[in-house]
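**Student:** Following is a predicted model, sequence given first.
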Amino acid sequence: MKKIICFFVMLFIIGMFSQPAIAEINDSKDLPWERFSFTLGGYIADLNSELRIGSGTVGAGVSVDVEDALGMESSMSVFRAGALYRFGTNRRHQVDFTYYDFRRDATQKIGRDIDWGDNTYPIGTTVESFFNFRVFKGSYSYALLQDDRFRISASFGLYVMPIDMGISADEIGAEEEDITAPLPVFGIKGDFAITPKLFLKQSFEAFYLEYENFKGSIVAANLLLEYNIWKNVGLGIGVDTFRLKIEAEGEDYPGIDFMGNLEYNYTGLLLYTKVYF
């Protein structure tokens, strides 16, 4: 993973100091890459989450699958919004912002003992639980190669992920965890103009960090097909996948005051509308 990160950094630096001639002969008005766009849409996502709280243990050191053990939805529809802006005379520089939000809660009789914080929830107890996961993502990318058909970019971004989770039961009490996980990512993006109105877009981002008693990793990728049905309006469909893993033993990493392990994975079908200029 470290070699991959170094590769992206080197590719980015090389691109910043190189200007392929093919891009210089194109005026920005002749390029199909819009200067600004705003998207609204949503996922139909399949979720898989595992959690351990407190010195790496929940329920005698065994991970809790929140979908099975706590009865939370394993698939759901999720709202998503995004914006893109390209600046510079040749539109090589690009900034992106994305927001989406997974909110789940459930009530279920548990089939095993669960130790969380100072409380133990015995087998057969009816518990109420929630697991909320939000994503705020910003990124900057630079087009290393660009003409009127292809655009290949190296990117650097930051995921900020507020995560709220908790469990409660009558006569036992409630336990909650509230953390914000900021993790940077390096990536590469590729856009291909199949026709003047039809575009294939793909991106891949990844990061891995070990710092004292903290480990965090992200892998995110998507493949999108966009069609501009009218002037300034387009539709998109695609597949998006995301993998997050955090292992922490306290406050070693900024924004993380958490002891345990967290894994959050989803793969979803993404549908959206785009307004562009």
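**Tutor:** Thanks, I have it. Numbers count the residues shown, from 1 in each chain.
**Student:** Neighbouring strands - and their directions - for the strand or helix carrying residue 95?
**Tutor:** Per DSSP states H and E, residue 95 falls inside strand 93-109. Counting by DSSP bridges, the strands paired with strand 93-109 are strand 75-87 (antiparallel), strand 126-146 (antiparallel).
**Student:** which strands and helices sit next to the helix or strand just after that strand?
**Tutor:** Using DSSP H and E, the next helix or strand after strand 93-109 towards the C-terminus is strand 114-116. With contacts taken as 3 or more Cβ pairs under 8 Å, 6 or more residues apart in numbering; DSSP states H and E, strand 114-116 sits against strand 119-121. For every residue, glycine as well, the C-beta is placed using N, CA and C.
**Student:** just for the stretch 51-200 of the chain, where's the confidence low?
**Tutor:** Applying pLDDT under 70 to the stretch 51-200 of the chain flags the ranges 54-63.
**Student:** give me the number of residues near the nearest residue to residue 213 once chain neighbours are set aside?
**Tutor:** Nearest non-adjacent residue to residue 213, counting by Cβ to Cβ, 6 or more residues apart in numbering: residue 249, 3.8 Å away. For residue 249, the count of nearby residues is 16 (other Cβ atoms under 10 Å).
**Student:** Residues touching stretch 226-236, excluding its own?
**Tutor:** Residues outside stretch 226-236 that contact it (Cβ atoms under 8 Å, 6 or more residues apart in numbering): 39, 41, 197-199, 201, 224-225, 270-277.
**Student:** Drop anything exposed from the residues you listed.
**Tutor:** By neighbour count, with 16 or more other Cβ atoms under 10 Å, the contacts of stretch 226-236 hold 39, 41, 199, 201, 224, 270, 272, 274, 276 as buried.
**Student:** tell me which element the fifth one falls in.
**Tutor:** Assigned by DSSP H and E, residue 224 falls within strand 214-230.
**Student:** Any buried residues in that strand, and which?
**Tutor:** Neighbour counts over strand 214-230 (16+ other Cβ under 10 Å) mark 214-224, 226, 228 as buried.
**Student:** For these, please prepare CSV with the additional fields distance to residue 151 and pLDDT.
**Tutor:** Output for these, formatted as CSV (distance: Cβ to Cβ, whole Å; pLDDT from 0 to 100):
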residue, distance to residue 151, pLDDT
214, 36, 87
215, 34, 90
216, 30, 91
217, 28, 95
218, 24, 96
219, 23, 97
220, 19, 97
221, 17, 97
222, 16, 96
223, 15, 97
224, 13, 97
226, 13, 97
228, 16, 96
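**Student:** just checking, residue 67 is part of a helix?
**Tutor:** Yes. Looking at residue 67 with DSSP: H, G, I helix; E, B strand; the rest coil, it is inside a helix.
**Student:** how about the nearest residue to it, chain neighbours excluded?
**Tutor:** residue 74 (4.4 Å).
**Student:** do you know how far the one you found is from residue 235?
**Tutor:** 28 Å (Cβ to Cβ, to the nearest Å).
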